[in-house]
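Undergrad: Take a look and give me a structure for this.
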Amino acid sequence: MSTSSVFARMGICLAPLAFLLCGCSSAPDAWTVVATAHFGGPTLAVMFRDASFGIATDLDGGIHYSEDGGQTWTYAATSGLSRVALEMEGGRIWHVGFGGWLSRSGDDGHTWEGIGPLPHSGHLEYISFADENAGWAVSTERTDIFITSDGGLTWESLPFPDGMGRPAALHLRTPQDGYLLDTTGALFVTADGGAAWTRLVLPCGEGWTLPPLNHSAALRFTDAAHGFVALSLMGEGEGRVLGLRTSDGGRTWIDETLPVPLGMFHLTRDGLTLTHVDLLDHGRITILRSGE
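TA: Modelled structure (predicted):
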């Protein structure tokens, strides 16, 4: 399947992205490539827990797992189509495909159980669970957050914070501490389950924004102070990749080099393993490990 066909399946026109080039920030190296692999076909969502174990999805809703750094893949189940949301916490993994159907695995992706549908039958691109029960999900087709406190059996809706644009990344650190990033680089932080929000702005650079490409960013906070964001940005007739790290809750950030081209990101909850899928060869996978 061609690149243009894949992006058509995603509902994204490739033409505005065709001019994007590889780029990295100029900060000292902080991330090391620990493995490279190819899925063997197009994939829009891949998440590795470490250099060995990962989950990938194909465009027909197939869920696959690898235990050797992506060199071989084993089919496990089928659920939904494209624009997949993935979350991983220990041996628990959550998956939402097109149609809003939530599936969960408790054994490293070997077997899956269907939990049920979210209250949106379209694309649900981002999902994050703080624990076995507390989870959030957002869609680029809506302006609200879906919230569950019973593992996805039931969901409530909470409006986006004021001023938030198209979502680009989501992280639920605890049932009360949540983070939302939009494509303008605005980061919205709550410490009370979404009742009140603080708006911060990432230093992406004047004129740089996140493209309308799912998972062009990934963010995690390991506590209220320490966080990391991986970004694919476009602007000024070119593209670049940027890593940003904070130790003061997002008020200030330090650049970190990410030795990959533009693409899609997934980041583990501990912020240590970053998975990258190439923008143009979207079966090409790079697994990076933080030096921290």
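Undergrad: In contact with Trp79, which residues are there?
TA: Actually, residue 79 is Ser. It isn't Trp. Shown in contact with Ser79 (Cβ atoms under 8 Å, 6 or more residues apart in numbering): Gly61, Ile63, His95, Gly97, Trp101, Ser103, Trp112, Gly114. Using the backbone N, CA and C atoms, a C-beta is placed for each residue, glycine as well.
Undergrad: Quick check: phi and psi on the closest residue to it other than its chain neighbours?
TA: Distances taken as Cβ to Cβ, 6 or more residues apart in numbering place Ser103 nearest to Ser79, at 4.5 Å, with adjacent residues excluded. Dihedral pair for Ser103: phi -120, psi 150, per degrees, to the nearest 10.
Undergrad: so what's Ser103 scoring on pLDDT?
TA: The model reports Ser103 with a pLDDT of 93.
Undergrad: coming back round to it: any idea which of the contacts of Ser79 is closest to Leu86?
TA: His95 (5.9 Å; Cβ to Cβ).
Undergrad: what bridges to Leu102?
TA: With DSSP bridges as the criterion, Leu102 is bridged to Val96, Gly116.
Undergrad: before we move on, the earlier item: going through the contacts of Ser79, which ones are buried?
TA: With burial judged by 16 or more other Cβ atoms under 10 Å, the buried subset of the contacts of Ser79 is Gly61, Ile63, His95, Gly97, Trp101, Ser103, Trp112.
Undergrad: For the host helix or strand of the second one, name the packing helices and strands.
TA: With elements taken from DSSP states H and E, the one containing Ile63 is strand 62-66. For strand 62-66, the elements it packs on are strand 54-57, strand 74-78, judged by 3 or more Cβ pairs under 8 Å, 6 or more residues apart in numbering; DSSP states H and E.
Undergrad: Would you mind pulling the contact partners of that strand?
TA: Outside strand 62-66, the residues within contact range by Cβ under 8 Å, 6+ apart are 37, 39, 52-58, 72-79, 95, 103, 108-110, 112.
Undergrad: at 6 Å what do you get?
TA: Outside strand 62-66, the residues that touch it by Cβ atoms under 6 Å, 6 or more residues apart in numbering are Gly54, Ile55, Ala56, Thr57, Trp73, Thr74, Tyr75, Ala76, Ala77, Thr78, His95, Gly109.
Undergrad: Point out the least confident member of these, please.
TA: In terms of pLDDT, the weakest of the contacts of strand 62-66 is Thr78, which scores 86.
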